[in-house]
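Student: Sequence and predicted structure below; questions after.
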Amino acid sequence: MAWLTTTDHKKIGTLYLHTSLFFFVLGGLEAVLMRWQLMQPNMTVVSAEQFNQLFTMHGTTMVFLAIMPLSAAFFNYLIPLQLGARDVAFPRLNAFSYWVYLFGGLFITLPIFVWLAPDGGWFAYAPLSGRTSSPGINMDFWVLGIQILGVSSLAAAFNFATTIINMRAPGMNLMRMPMFTWMSFVTQFLIILAFPVITIALVFLQFDRFFGTNFYQISAGADPLLWQHLFWIFGHPEVYILILPAFGLVSEVLPTNSKKPLFGYPVMAYSGILIGFLGFGVWAHHMFAAGMGRVADTVFGLTTMLIAIPTGVKIFNWIFTMWGGSLRFTTAMKFAIALIAMFTIGGISGITHSSPPSDLQQTDTYYIVAHFHYVLFGGAIMGIFAGIYHYFPKMYGRYMSEGMGSWHFWLTFIGLNLTFFPMHFSGMLGMPRRIYTYDAGQGWELFNMISTIGAFLLAPATLIFIFNFFRSKKGGAPAPANAWDAPTLEWSIPSPPPEYNFAQIPVVHSRYPLWDLTHPERTQDIPHTEEGWKTAERHTGEHHAGQAAMGDIADMHIETERRTARELGIPMPSPTIKPMWTALGMVIMFCGLLFLPRGMKVPAFTLMFGGAGLMIASLYAWLTTPLEEAH
Amino acid sequence: MTTHAEAAHGHHYTTTGLDHRKIAIWAFIGSECMLFASLISTYLVYKGRSLVGPLPHTAGTNAAGQPTVPILDIPVTSASTFVLLMSSLAMVLALAAVQNKDKPVPADAGAWTKALASSKLWLWMTCILGATFLGFQAYEFTSFVHEGLTIKTNLFGSTFFTLTGFHGAHVTAGVIWLGTLLAIDYKRGLGPKDAINVDIAALYWHFVDVIWIAIFTLIYLIPD
């Protein structure tokens, strides 16, 4: 029950982590089934229709239900801790985001268990995904499900953007924020600006499918490229939404385990912003084969090549961070280094298709599949694993087993390369993506066999990780507050953190406040000022009611005492179930729409009005209750 | 003498000194800009590509081969645009009235000064003007349907009804939001400490107005 009503960002982060790991395993099993089907020519493990559902749901699950929410787990857990805050700006909105994600995730996932899942590919190109070409309920689940998940992402993005702008500890100016929070900050803006575009694209598709409008009706004069443009204006920023948080995580792991400050910190922040900015100007490189014309192809080819520059800057800065450091090869560090290497491979194959003539050879082949798995598995997932091993001691007060971690790392590393490296060759030999089987004699057999063996290695690797994760929660070696001798605020409080996070909000004088205390020699070359206290005084003078609140803010220190919020007089948000009911009402409303095109008006309108009623009533009840109970 | 908890409760430390809600509403408005940008650009991309009438600014032929007249009624929509713009003025006065609630109005003040100090009056005004705009839109939609233009008729119908319908839904949400504030005003009176709640509602309301100016210019005023 406490989990249903929680508004604590750490508990919500934990919920996100467990739910998204569940979906990660599910998406992985879908991939294993596909690799099994493709192991040899003309296999019949699954049918063509089932294969369509598997690749659609594998992509949808990994993008929207695994990587994004795994990042959200870290946003939730880490952003307030790294900022020196006691919670996010809107704790109940945060709970609402999680519940929408959970219900939306189930809405779009459960149909696969009865083979009624979406089957139009994860980018659901219209008109293929329209009612004429996809008459079944399958794509209805996708159109409505992605719409639901968008609400969750947007609500969370407003929340985190506000938190980062407005809840930094005194003295923490933007250039002192930990790099994970920086990359999360950029990510929130990408979500805020990219998700409305897919929302509208989905509204058009939804109206076409449910109400007979003409947005994607070619026979009514519609443009067959409209969906592609709208989708990729969202879709390309989306890939940076997936990768930037992982970049942020390894930017925490690498300096800590190299015992050196991050190399080129300001440039790392600027290159993150530049990646986000350029990310909105490259979308049509997904459409070189669509015949947009020479000018469009050239412009988008050039902008795509440009984006390699800030990304390359990051790669080199990570390498220079390690250069000359005394490296400590924890499991997290291994995953972080693997990200650098694997993402570089994916980045280089990415440059090969920034050139339209070269892309025409590669598009829709397994070469593309190889490319985006190197950046998303080799990049995002490796970074997220690095983050999990690194932050597990903070979350649970115990270390994960390094022995099992090593097995997990090496099996994943080998499995990933075995699975995806041969796809470069099968793709160049002309094997199209998304085919459910193939004939012998085209030179694809060996590469497919190796890919499948690799996938069969990734499955036990993940199993080891899951076992390690759950066993270490109870049986891992106890971890101190600063488990890795790290430099940022989240490590200055006990592990796991008390509900209020910081008994006293620390004043920050540099970007590595904890190393200023424990290893001043490491932070000699980074900027320090006394400005921290001045901001604290100015703001407390303007906005706090006198001396009592000043006692809430203290110079940088390490907290070891664990007392309750009540003892310390820190107001905590009251637990509430209303955000969950609001989320449930919204999802019930969308469920009602499923019945509409099937002539079942009674269940349709009952669920739609019932759901809307529940949503509005819970929302009003939520908004009219104060956040904190009166003390 | 306030206790520690009360002090912290009423005055959370924030980096910018602004209320969280103020920052969140700006982030939300940024997102809404992209929402309407997608709707408006789709309308413009599909402009002049409908295969059958009715058409916005020119005569055409409908699917049955009968002639259709230019369907947009610019004088009527100019009137509704004026109404919506006036609602923004009322909104500004409502916010000012709430912010200045603790400043006493002199007993010998004129009727206009007394009226300016009434948050209820200006919230009512904003709601009524907003609802009037919605009435105009309902009239416009029904008359279009009578003239044979529905959301299914052609590309113009699909894009027009979806775009203006989205805007209308935003106005509706705004009227409900302002109505809720009005109900609170009747229940316990809105004062300067509630100003932030009226402020964010006002920002939303002005945004919805500004978007309408873009829609009115691009769709009604610029001919094919």
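Tutor: Yep, it's here.
Student: For stretch A:601-615, output the C-alpha coordinates as CSV.
Tutor: What follows is stretch A:601-615, C-alpha atoms only, in CSV (Å, rounded to 0.1, in the frame of the first residue of the first chain):
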residue,chain,number,x,y,z
LYS,A,601,-21.1,1.7,-28.5
VAL,A,602,-22.3,0.8,-25.0
PRO,A,603,-19.0,-0.5,-23.6
ALA,A,604,-17.1,2.2,-25.5
PHE,A,605,-19.1,5.1,-24.0
THR,A,606,-19.3,3.5,-20.6
LEU,A,607,-15.6,3.2,-20.3
MET,A,608,-14.8,6.6,-21.9
PHE,A,609,-17.2,8.6,-19.7
GLY,A,610,-16.5,6.4,-16.7
GLY,A,611,-12.7,6.8,-17.1
ALA,A,612,-13.0,10.6,-17.8
GLY,A,613,-15.2,11.0,-14.8
LEU,A,614,-12.7,9.1,-12.6
MET,A,615,-9.8,11.1,-14.0
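Student: Pull out the buried residues from it.
Tutor: For stretch A:601-615, the neighbour count (16 or more other Cβ atoms under 10 Å in any protein chain shown) marks A:604, A:607-608, A:611, A:614-615 as buried. All C-beta spots, glycine's among them, are computed from the backbone N, C-alpha and C.
Student: What average pLDDT does that stretch get?
Tutor: Mean pLDDT, stretch A:601-615: 96.
Student: Is any residue of that stretch near chain B?
Tutor: No - Stretch A:601-615 stays clear of chain B (Cβ under 8 Å from any Cβ of the partner chain), getting no nearer than 12.9 Å.
Student: what's that stretch in contact with?
Tutor: Stretch A:601-615 has contacts (Cβ atoms under 8 Å, 6 or more residues apart in numbering or on different chains) with A:581-582, A:584-596.
Student: circling back: can you lay out the buried residues of stretch A:601-615 as CSV showing secondary structure and distance to A:Thr331?
Tutor: Formatted as CSV, the buried residues of stretch A:601-615 follow (DSSP: H, G, I helix; E, B strand; the rest coil; distance: Cβ to Cβ, whole Å):
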residue, secondary structure, distance to A:Thr331
A:Ala604, helix, 51
A:Leu607, helix, 47
A:Met608, helix, 49
A:Gly611, helix, 44
A:Leu614, helix, 45
A:Met615, helix, 43
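Student: Quick one: the helices in chain B, in order.
Tutor: Secondary structure of chain B, counting by DSSP state H: helices at B:4-10, B:20-45, B:74-99, B:111-116, B:119-146, B:155-188, B:195-215.
Student: Which one, of those, ends up nearest to A:Val88?
Tutor: Relative to A:Val88, the nearest member of these by Cβ to Cβ is helix B:20-45, separated by 9.3 Å.
Student: So that closest one, near chain A or not?
Tutor: Yes - interface with chain A: helix B:20-45 contributes B:20, B:23-24, B:27-28, B:30-32, B:34-35, B:38-39, B:42, B:45 (Cβ under 8 Å from any Cβ).
Student: From these, keep the buried residues only.
Tutor: Among the residues of helix B:20-45 next to chain A, those buried by neighbour count (16+ other Cβ under 10 Å) are B:20, B:23-24, B:27-28, B:31-32, B:34-35, B:38-39, B:42, B:45.
Student: okay, and for the chain, where does confidence drop off?
Tutor: Since you didn't name a chain, this refers to chain A. Counting by pLDDT under 70, chain A has low-confidence residues at A:530-551, A:629-631.
Student: try again with chain B
Tutor: Residue ranges of chain B with pLDDT under 70: B:1-12.
Student: next SSE after whichever strand or helix holds A:Ala554?
Tutor: For A:Ala554, the host element (DSSP states H and E) is strand A:553-555. Under the assignment DSSP H and E, the closest C-terminal helix or strand after strand A:553-555 is helix A:565-568.
Student: Name the residues of that following helix that are buried.
Tutor: Using 16+ other Cβ under 10 Å as the test for burial, helix A:565-568 gives A:Ala565.
Student: Is it in proximity to chain B?
Tutor: No - Helix A:565-568 is not in contact with chain B by Cβ under 8 Å from any Cβ; minimum separation 8.8 Å.
Student: what's around A:Lys394, how many residues?
Tutor: Neighbour count for A:Lys394, taken as other Cβ atoms under 10 Å in any protein chain shown: 24.
Student: Give me the distance between the residue lying closest to it once chain neighbours are set aside and A:Ile12.
Tutor: Take A:Lys394 and drop its neighbours on the chain: the residue closest to it by Cβ to Cβ, 6 or more residues apart in numbering or on different chains is A:Ser495, 5.1 Å away. As defined by Cβ to Cβ, to the nearest Å, A:Ser495 lies at a distance of 18 Å from A:Ile12.
Student: Compare the two and say which is more crowded by neighbours.
Tutor: Neighbours per residue, other Cβ under 10 Å: of A:Ser495 and A:Ile12, the larger number sits with A:Ile12, 27 against 21.
Student: May I see the buried residues of the strand or helix carrying that one?
Tutor: Per DSSP H and E, A:Ile12 falls inside helix A:9-37. For helix A:9-37, the neighbour count (16+ other Cβ under 10 Å) marks A:9-17, A:19-35, A:37 as buried.
Student: end-to-end on stretch A:252-270?
Tutor: 17 Å (Cα to Cα, to the nearest Å).
Student: Now do that stretch: distance to the chain's middle.
Tutor: Centroid displacement of stretch A:252-270 relative to its chain, using Cα atoms, centre = their mean, to the nearest Å, is 21 Å.
Student: Also stretch A:150-168?
Tutor: 14 Å.
Student: Repeat that for stretch A:576-592.
Tutor: The answer for stretch A:576-592 is 23 Å, by Cα atoms, centre = their mean.
Student: What residue in the stretch 201-350 of chain A comes nearest to chain B?
Tutor: The minimum distance from the stretch 201-350 of chain A to chain B, using Cβ to the nearest Cβ, falls at A:Thr213 (4.1 Å).
Student: Torsion angles phi and psi at that residue?
Tutor: For A:Thr213, the backbone dihedrals (degrees, to the nearest 10) come out as phi -80, psi -180.
Student: tell me how far the helix or strand where A:Thr109 lies is from the chain's mean position?
Tutor: A:Thr109 is part of helix A:91-109 when elements are defined by DSSP H and E. From the chain centre to the centre of helix A:91-109 is a distance of 14 Å (Cα atoms, centre = their mean).
Student: name the helices or strands packed onto that helix?
Tutor: Under the contact criterion of 3 or more Cβ pairs under 8 Å, 6 or more residues apart in numbering or on different chains; DSSP states H and E, helix A:91-109 touches helix A:9-37, helix A:48-60, helix A:68-83, helix A:138-166, helix A:578-595.
Student: Same list (these) but as JSON lines, adding distance to A:Ser129.
Tutor: Below are those laid out as JSON lines (distance: least, Cβ to Cβ, whole Å):
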{"stretch": "helix A:9-37", "distance to A:Ser129": "19"}
{"stretch": "helix A:48-60", "distance to A:Ser129": "10"}
{"stretch": "helix A:68-83", "distance to A:Ser129": "21"}
{"stretch": "helix A:138-166", "distance to A:Ser129": "5"}
{"stretch": "helix A:578-595", "distance to A:Ser129": "16"}
